[in-house]
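Novice: Following is a predicted model, sequence given first.
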Amino acid sequence: AARQSIEKVNGMLLNGKKVFVGRFIPRKERLLLLGDKLRKFNNVYIKNFGDDLDDDKLRQLFEPFGKIVSAKVMTDAQNKSRGFGFVSFEETEVAEKAVQTVNGMELNGKVIFAGRAQKKSERQAELKERFDKLKVDRVSRMQGVNLYVKNLDECVDDDRLYKEFTQFGTITSAKVMTEGDRTKGFGFVCFSSPGEA
């Protein structure tokens, strides 16, 4: 049934738009299938140049690398540069060479970033993946070093909690949980190593 619907509906017009119907491929498999295609790009994202460049100056900066399809500095409502832009090259090799050369280059006292232009969803997915990795690293580092302390008196604050536990080892943080000005009666003490906790 699925194969039949792919054959019948793929390429069909629905509400005036041509639709694609195909077998679902998980993200990891799609990335493996893309392989080098993911690294090949024509559009370059450039940032950190402040008001120093306009469309023409951006084009002049990148023209030595090869044929440019378009060069655009993003501007605000007052037509003032927002400090970033895009250059689209005809050939992927030229775009890669431009990124390698311009990324990290200094222009009028500012270090320029140049990289492959990404779709917003792609950039968000990459940032989420990076954040999740940092979170996992942090959790694994905290494993066995973070203590939960409950039944704390209302007079116990962060400093007092810290002082009570310093005799057992090096504390990286001590926090009494509060709601407004009142303590919730519990807190956390984080040691520098599991042995101390």
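Specialist: That came through, no problem.
Novice: which sections of this structure are below the confidence cut-off?
Specialist: For the chain, residues meeting the criterion pLDDT under 70 lie at 1, 27, 31-39, 141-144, 194-197.
Novice: contacts for the helix or strand containing Gln124?
Specialist: Using DSSP states H and E, Gln124 falls within helix 120-142. Identification of contacts with helix 120-142 by Cβ atoms under 8 Å, 6 or more residues apart in numbering yields Gln118, Cys190. Every C-beta, even on glycine, is put in place using the N, C-alpha and C of the backbone.
Novice: can you give me the strands for the protein?
Specialist: Using DSSP state E, the strands of the chain run over residues 13-14, 17-18, 43-47, 68-75, 81-89, 106-107, 110-111, 113-116, 146-150, 171-179, 182-191.
Novice: which strands and helices sit next to the fifth one?
Specialist: Pointing back at strand 81-89 there. strand 43-47, helix 55-62, strand 68-75, helix 92-102 (3 or more Cβ pairs under 8 Å, 6 or more residues apart in numbering; DSSP states H and E).
Novice: could you redo these as TSV and give each row mean neighbour count?
Specialist: TSV is the format used below for the helices and strands packed on strand 81-89 (neighbours: other Cβ atoms under 10 Å):
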stretch	mean neighbour count
strand 43-47	20
helix 55-62	17
strand 68-75	16
helix 92-102	17
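Novice: got CSV for those, with distance to Arg23 too?
Specialist: Conversion of the helices and strands packed on strand 81-89 to CSV gives the following (distance: least, Cβ to Cβ, whole Å):
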stretch, distance to Arg23
strand 43-47, 29
helix 55-62, 40
strand 68-75, 34
helix 92-102, 28
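Novice: re earlier: I'd like the strands of the chain as CSV, with distance to Lys28 appended.
Specialist: Listed next are those as CSV, based on distance: least, Cβ to Cβ, whole Å:
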stretch, distance to Lys28
strand 13-14, 29
strand 17-18, 28
strand 43-47, 25
strand 68-75, 32
strand 81-89, 29
strand 106-107, 38
strand 110-111, 34
strand 113-116, 20
strand 146-150, 32
strand 171-179, 35
strand 182-191, 34
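Novice: how far is the helix holding Gln124 from where the chain is centred?
Specialist: Taking Cα atoms, centre = their mean, to the nearest Å, one finds the center of helix 120-142 at 8 Å from the center of the full chain.
Novice: May I have it exported as CSV, CA atoms only?
Specialist: Provided in CSV are the C-alpha atoms of helix 120-142 (Å, rounded to 0.1, in the frame of the first residue of the first chain):
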residue,chain,number,x,y,z
LYS,A,120,17.6,28.1,10.2
SER,A,121,16.3,24.6,11.1
GLU,A,122,19.7,23.1,10.3
ARG,A,123,21.5,25.7,12.5
GLN,A,124,19.0,25.1,15.3
ALA,A,125,19.4,21.3,15.1
GLU,A,126,23.2,21.7,15.2
LEU,A,127,23.0,24.0,18.2
LYS,A,128,20.6,21.7,20.0
GLU,A,129,22.9,18.7,19.4
ARG,A,130,25.9,20.8,20.7
PHE,A,131,23.8,21.9,23.8
ASP,A,132,22.6,18.3,24.4
LYS,A,133,26.2,17.0,24.3
LEU,A,134,27.3,19.7,26.8
LYS,A,135,24.4,18.8,29.0
VAL,A,136,25.3,15.1,29.0
ASP,A,137,28.9,16.0,29.7
ARG,A,138,27.9,18.2,32.6
VAL,A,139,25.6,15.5,34.0
SER,A,140,28.3,12.9,33.8
ARG,A,141,30.8,15.2,35.5
MET,A,142,28.3,15.9,38.3
